[in-house]
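Please work out how this folds:
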Amino acid sequence: MTALLEIKQNIKRFYGQYEVYILPVLKFVLAFAYFLWINSNMGYMKQLDNIFIVLILALVCSILPVSVMMFMGFALMIGHCYAVGIETAGFMLLLILLMMILFLRFSRSQNLAMILTPLSFGFGVPALMPIGAGLLGSALSALPAGCGVVIYYFIRFVHAQSAALSDPAAEITEKLKLISDGLVHNWAMWITVIAFVAVVLFVNLLRTRAFDYAWRIAVIAGGVIYILIILAGDFCLSITVAMVPMILSTVVSVLAGFVLEFFVFGGDYSRTERLEYEDDEYYYYVKAVPKASVATSERSIKKINAEPVKEEKKDNVVSFSDDVFPEKKEMHTVKMPDMVSENTVSEKPKGLDKIDFEKQLEESLKDL
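Here you go, the predicted model:
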């Protein structure tokens, strides 16, 4: 467990340090997989079914918001539907407009689920999408998740009925009736929509509760609810569902949910603290769950350069302090001249001419 915590902290530290580079790469990979999935399941317009087009669109999406990725995916879908028939493209455009007006405009911050839902079906783990959206998102994630299910089943329907929809001999009304019946009477799609919405709401509800191990209980409950709703649809509406693959994929989704819980939340419930305090207007009852962490050793290398100290050349300066001249409050610095000027004039002291040197010499001789 300690090794896993160290790996988690190293990953978080690495992401925090290089987030400006990692985030565009992740968006590029997601856009590339999403557009590639659309072309592989539709691919009716050869001009769009090109790896270079996918790469260019993915590069553009890597530097733009996630909503641009969603709109480009819609444009690819409409283009491929137009290659099947103008009726199919018109129905697809109307379906997208209705979803954007009725649902997607209320969940702008959670519309990433719209892109991840078809990919979860493509990778064979559909239950992972509602479980992950309930853990990492909000209750509004149920709207784009349900819309993503509708888009996925509509693409499957167009793929299955592409021959009939592209028949030039068929009338427009017959094609529109075929598309509407295939969407409205698709009970497998509606049961899956109900399962996705219910799992997102229930997982998010349990995840936000204050009891211990709320995240793990929410993950397990989400997997159980998904299986029960699909089984209920199988028994009540005679929907053909491969039970064993569905249960196995749900188990894999639950295990992936535990991994998300470890890396995103990772609370240490053994050190839970319950606090109580008050102010002038409220009483506060707080439950504090510390994050599971481990101290990691970091090496710091200090480089010391041993350079010789350079001696500065000092001028010939004499300083007189206040101790010598107490009448001076400040230190005076006198710079000694390097040489004496030749034009210096020395004056005789006053009273020197008044002294009688001869008289003084006679008196000194008498004493001898």
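
Helices along the chain, start to end?
2-17, 19-41, 51-62, 66-84, 86-102, 112-122, 128-136, 142-160, 162-165, 172-184, 187-207, 214-237, 243-260, 357-367 (DSSP state H).

which one of the ones you listed is the most hemmed in?
Among the helices of the chain, judged by mean count of other C-beta atoms under 10 Å, the one packed with the most neighbours on average is helix 128-136 (a mean of 26). Just so you know, the C-beta spots here come from the backbone N, C-alpha and C atoms, and that holds for glycine as well.

which secondary structure elements does it contact?
With contacts defined as 3 or more C-beta pairs under 8 Å, 6 or more residues apart in numbering; DSSP states H and E, the packing partners of helix 128-136 are helix 112-122, helix 142-160, helix 187-207, helix 214-237, helix 243-260.

Let me know the angle separating the fourth one from helix 187-207.
Helix 214-237 and helix 187-207 are oriented at 160 degrees to each other (axes from the mean of the first three to the mean of the last three C-alpha atoms, to 10 degrees).

Send over helix 214-237 as PDB, restricted to the C-alpha atoms.
Output in PDB follows, covering the C-alpha atoms of helix 214-237 (Å, rounded to 0.1, in the frame of the first residue of the first chain):
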ATOM      1  CA  ALA A 214     -19.000   6.400   0.700                       C
ATOM      2  CA  TRP A 215     -17.000   6.300  -2.600                       C
ATOM      3  CA  ARG A 216     -16.500   2.500  -2.500                       C
ATOM      4  CA  ILE A 217     -20.100   1.800  -1.600                       C
ATOM      5  CA  ALA A 218     -21.200   4.100  -4.300                       C
ATOM      6  CA  VAL A 219     -19.100   2.200  -6.900                       C
ATOM      7  CA  ILE A 220     -20.500  -1.200  -5.900                       C
ATOM      8  CA  ALA A 221     -24.100   0.100  -5.700                       C
ATOM      9  CA  GLY A 222     -23.700   1.600  -9.200                       C
ATOM     10  CA  GLY A 223     -22.600  -1.700 -10.700                       C
ATOM     11  CA  VAL A 224     -25.400  -3.600  -9.000                       C
ATOM     12  CA  ILE A 225     -28.100  -1.000 -10.100                       C
ATOM     13  CA  TYR A 226     -26.800  -1.200 -13.700                       C
ATOM     14  CA  ILE A 227     -27.100  -5.000 -13.800                       C
ATOM     15  CA  LEU A 228     -30.600  -5.000 -12.200                       C
ATOM     16  CA  ILE A 229     -32.000  -2.400 -14.600                       C
ATOM     17  CA  ILE A 230     -30.600  -4.300 -17.600                       C
ATOM     18  CA  LEU A 231     -32.000  -7.600 -16.300                       C
ATOM     19  CA  ALA A 232     -35.400  -6.000 -15.600                       C
ATOM     20  CA  GLY A 233     -35.500  -4.700 -19.200                       C
ATOM     21  CA  ASP A 234     -34.600  -8.200 -20.400                       C
ATOM     22  CA  PHE A 235     -37.400  -9.800 -18.500                       C
ATOM     23  CA  CYS A 236     -40.100  -7.200 -19.000                       C
ATOM     24  CA  LEU A 237     -39.500  -6.000 -22.500                       C
END
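
Any chance you could list what contacts that helix?
Residues outside helix 214-237 that contact it (C-beta atoms under 8 Å, 6 or more residues apart in numbering) are 127, 130-131, 134-135, 187-188, 191-192, 194-195, 198-199, 202-208, 211, 239-241, 243, 246-247, 250-251, 253-254, 257-258, 261, 265, 267.

One more: stretch 54-69?
By C-beta under 8 Å, 6+ apart, the list of residues contacting stretch 54-69 from outside reads 24-25, 27-28, 30-32, 34-36, 39, 72, 76, 108, 111-112, 115.

can you tell me which residues contact residue 25?
By C-beta under 8 Å, 6+ apart, the contact set of residue 25 is residue 62.

Buried residues of stretch 256-276, list them for me.
Neighbour-count burial for stretch 256-276, counted by 16 or more other C-beta atoms under 10 Å, picks out 256-257, 260-262, 265-267.

so which of these would you say is closest to residue 146?
When the buried residues of stretch 256-276 are compared for distance to residue 146, the smallest value, 19.5 Å, is given by residue 257; criterion: C-beta to C-beta.

Leaving out the residues flanking it, which one is nearest to the closest one?
Distances taken as C-beta to C-beta, 6 or more residues apart in numbering put residue 219 closest to residue 257, at 3.7 Å, once the chain neighbours are dropped.

again, but for residue 103
Setting aside the residues directly before and after it, residue 103 is nearest to residue 143 in space (C-beta to C-beta, 6+ apart), at 4.4 Å.

Touching, that neighbour and residue 109? I think so.
No. At 11.3 Å, residue 143 does not count as touching residue 109 under the criterion of C-beta atoms under 8 Å.

picking up where we left off before, including distance to residue 60 and pLDDT, could the buried residues of stretch 256-276 go into a markdown table?
Converted to a markdown table, the buried residues of stretch 256-276 look like this (distance: C-beta to C-beta, whole Å; pLDDT from 0 to 100):
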| residue | distance to residue 60 | pLDDT |
| --- | --- | --- |
| 256 | 30 | 94 |
| 257 | 32 | 93 |
| 260 | 29 | 90 |
| 261 | 34 | 88 |
| 262 | 34 | 87 |
| 265 | 34 | 83 |
| 266 | 35 | 76 |
| 267 | 39 | 76 |
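
No further queries at this time; thank you.
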